[in-house]
Structures are given as structure tokens and as C-alpha cells.
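[1] Here is my input; please provide its structure:
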Amino acid sequence: MTTTAEEDATASSIAGAGATLDSEDLRRLWEEHRGALRMYVLRLTRGNQALTEDLLQDTMLRLWRNPEAVTRSDGKIAGWLFRVAHNLVVDSWRARSVRPEAGGSHLDEVAGTIPVPDEAERRLTAIMVRQALARLPRQHREVLYLLYFRQLPVDEAARILEVPSGTVKSRAFYAVRALGRALERDGIGST
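    Okay, the predicted model is just below:
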């Protein structure tokens with residue numbers, strides 16, 4: 001899932017305009033992302049056209065209600081839109097499994113909407129995590145890189161960073177919290 005230079009320019013110009021989206025901004029974002037977003041949601045709902053359309057409307061409604069997402073995404077709003085749509089599919093599946101619709105069993109339909117992780121979803125998540133990491137302070141990024149990506153022990157990370165082990169542990173604690181908040185704001189973990 002890559003964005004074109006035109007999409008980046010449109011989202012960047014909207015992001016630069018402040019934290020509001022007028023109907024024209026929303027329409028432009030919809031036009032740029034609807035095809036890929038629709039195919040993604042349609043796959044997650046196993047071809048359920050009506051559910052897909054409802055979820056796409058809800059996704060754009062979330063964008064309209066959260067215009068700051070455009071600003072936070074540095075002009076690359078596609079990842080945010082895909083994550084929100086994914087979370088709405090999961091929420092829909094959960095709601096249907098708790099309260100089946102009257103008039104017959106919809107268990108087959110509900111089972112068909114269980115999201116199946118795939119390469120595109122893993123890449124989307126990786127992109128969003130990289131974007132969230134880029135917004136963290138340097139000290140937080142460094143400690144997360146050493147402890148979680150290089151999987152170094154705390155003592156080794158402390159040696160590399162030239163700080164006490166306790167400082168590494170403290171930075172890691174606050175870095176994980178900050179990353180969690182950043183991802184949540186971007187639509188990972190909650191919608």
C-alpha cells in the first residue's frame with residue numbers, strides 16, 4: 001500500500017490547513033482512497049457489499065470527526081484510514097457475535113467477517129508503527145530499538161547508551177507508554 005505523490009500532496013495541503021476538514025477536503029480524500037479502502041474492507045467482510053458500504057461510511061465519518069488525524073499523519077492518511085476500517089470490521093464482528101440479528105442464524109455471515117491477518121495488514125501495521133516511532137523523542141526511539149528490535153539485554157543497552165541500567169528501564173517504560181498512546185491516536189488499538 002503505497003501512496004502516490006498526488007495523494008501525499010493533497011493530504012499534506014489539507015494537513016497544513018489546520019485541524020478542520022471541509023466537505024471538499026473530505027471528498028478529495030474519499031476520491032483518492034476509496035478504491036483501495038473498499039477492496040480491503042470487502043475482503044475483510046468476505047464480499048458482504050452492504051456491510052462494506054456501511055463500514056466505509058463509518059470510516060469517513062471517523063475522519064470527519066477527527067480532522068487532526070490528517071495533521072498527525074504528516075499528509076499520509078491512508079494508513080490511518082485502513083486501520084480505522086479494520087477496527088470497524090472487528091467491532092462489527094464482535095457486535096454481531098454478541099447480538100445476532102433476529103430472523104435466523106447469521107453465524108455463517110459473522111464467521112465470514114472474521115479478519116484474517118495477511119501480508120497487507122502486517123505491512124500496514126509496520127508503516128503505522130514506524131510513523132508513530134518517528135514522532136517519539138530520540139531517547140525513547142533509541143531504547144526501544146535496542147531492547148525490542150535488537151533484543152539486547154538491559155545491561156548491554158545501558159552500556160551502548162552510556163547510562164545506568166535503571167535509566168534504560170525507566171526510558172523503556174515511558175517509551176512503551178508513549179508509543180501506545182501514539183498508536184492509539186492513529187487508530188491502532190481503538191477507534
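[2] Where does the record place the domain boundaries for this protein?
    For the chain, the structural domains run 5-127, 135-191, going by automatic domain parsing.
[3] how about these in TSV, adding mean pLDDT and mean neighbour count?
    For the C-beta atoms, the positions are set from N, CA and C on the backbone; glycine is no exception. Listed next are the domains of the chain as TSV, based on pLDDT from 0 to 100; neighbours: other CB atoms under 10 Å:
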stretch	mean pLDDT	mean neighbour count
domain 5-127	70	16
domain 135-191	87	16
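[4] Which helix or which strand is home to the most centrally placed residue in the chain?
    Of all residues in the chain, the one closest to the mean position by CA atoms, centre = their mean is residue 83, 3.6 Å from it. Using DSSP states H and E, residue 83 falls within helix 78-98.
[5] got the CA positions of that helix in PDB?
    Below are the C-alpha coordinates for helix 78-98, written out as PDB (Å, rounded to 0.1, in the frame of the first residue of the first chain):
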ATOM      1  CA  ALA A  78      -4.000   6.100   4.100                       C
ATOM      2  CA  GLY A  79      -2.600   4.100   7.000                       C
ATOM      3  CA  TRP A  80      -5.000   5.800   9.500                       C
ATOM      4  CA  LEU A  81      -8.000   5.100   7.200                       C
ATOM      5  CA  PHE A  82      -7.100   1.500   6.700                       C
ATOM      6  CA  ARG A  83      -6.500   0.900  10.500                       C
ATOM      7  CA  VAL A  84      -9.900   2.600  11.300                       C
ATOM      8  CA  ALA A  85     -11.700   0.500   8.700                       C
ATOM      9  CA  HIS A  86     -10.000  -2.700  10.100                       C
ATOM     10  CA  ASN A  87     -11.000  -1.800  13.600                       C
ATOM     11  CA  LEU A  88     -14.600  -1.200  12.500                       C
ATOM     12  CA  VAL A  89     -14.700  -4.600  10.800                       C
ATOM     13  CA  VAL A  90     -13.500  -6.200  14.100                       C
ATOM     14  CA  ASP A  91     -16.100  -4.200  16.100                       C
ATOM     15  CA  SER A  92     -18.800  -5.200  13.700                       C
ATOM     16  CA  TRP A  93     -17.900  -8.900  14.000                       C
ATOM     17  CA  ARG A  94     -17.800  -8.600  17.800                       C
ATOM     18  CA  ALA A  95     -21.200  -6.900  17.900                       C
ATOM     19  CA  ARG A  96     -22.800  -9.500  15.700                       C
ATOM     20  CA  SER A  97     -21.400 -12.300  17.700                       C
ATOM     21  CA  VAL A  98     -22.900 -10.900  20.900                       C
END
